[in-house]
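J.: No letters, just coordinates:
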């Protein structure tokens, strides 16, 4: 497993798993403190920070799906050049920063939007590279 795209994929997957455990811990702790699910619902549900954490977890199953598909395509075809590898690392860095922003202060514009845009553009670069290699 020494392909240059394996490590960015594993880091992206690890981010998702880490957020899953952090989210589960937060939800379980909040439910226990409230005295159960019914009491939590009566109290208005989870606080905004925990809702943001859950939203971010869902986000990690949106654009990253394209990332995984493109990485696997490059790995399977053996066509991953430096441009695709750099774009993959930019994407992973953008997702880590996006997670940090969304789960802390959640400044949507311009911070989170710009980080999202950088990640989306890095995927576009990967897609263009893959398409050009397929032609």
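T.: Cool, the structure landed. Since this is a predicted model, take the numbers as computed values, not measurements. Numbers count the residues shown, from 1 in each chain.

J.: Pull the contacting residues for residue 27.
T.: Shown in contact with residue 27 (C-beta atoms under 8 Å, 6 or more residues apart in numbering): 46, 50, 54. Yep, even glycine has a C-beta here, placed from its N, CA and C like the rest.

J.: residues touching the residue nearest to the spatial centre of the chain, list them.
T.: Nearest to the geometric centre of the chain sits residue 60, at 3.5 Å (C-alpha atoms, centre = their mean). For residue 60, the contact set (C-beta under 8 Å, 6+ apart) comprises 15-16, 19, 95, 99.

J.: on that earlier part again, nearest to residue 38, of the contacts of residue 27?
T.: The shortest gap between residue 38 and any of the contacts of residue 27 belongs to residue 46, at 14.1 Å (C-beta to C-beta).

J.: So for the closest one, what's the nearest residue that isn't a sequence neighbour?
T.: In space, residue 46 comes closest to residue 30 once its chain neighbours are excluded; the distance is 5.9 Å by C-beta to C-beta, 6 or more residues apart in numbering.

J.: Verify the contact between the one you found and residue 47 for me.
T.: Yes: with contact defined as C-beta atoms under 8 Å, residue 30 and residue 47 form a contacting pair (7.4 Å).

J.: Next, count neighbours for the residue lying closest to residue 83 once chain neighbours are set aside.
T.: Counting by C-beta to C-beta, 6+ apart, residue 129 is the residue found nearest to residue 83 once chain neighbours are left out, at 5.4 Å. Using other C-beta atoms under 10 Å, residue 129 is surrounded by 19 other residues.

J.: hang on, residue 129 packs against residue 82?
T.: No: Residue 129 lies out of contact with residue 82 (C-beta under 8 Å); the separation is 10.0 Å.

J.: one step back: next step: the contacts of residue 27 restricted to strands.
T.: If you go by DSSP state E, those have nothing in strands.

J.: with these in mind, which one is nearest to residue 122?
T.: Sorting these by distance to residue 122 puts residue 54 at the head of the list, at 25.0 Å, by C-beta to C-beta.
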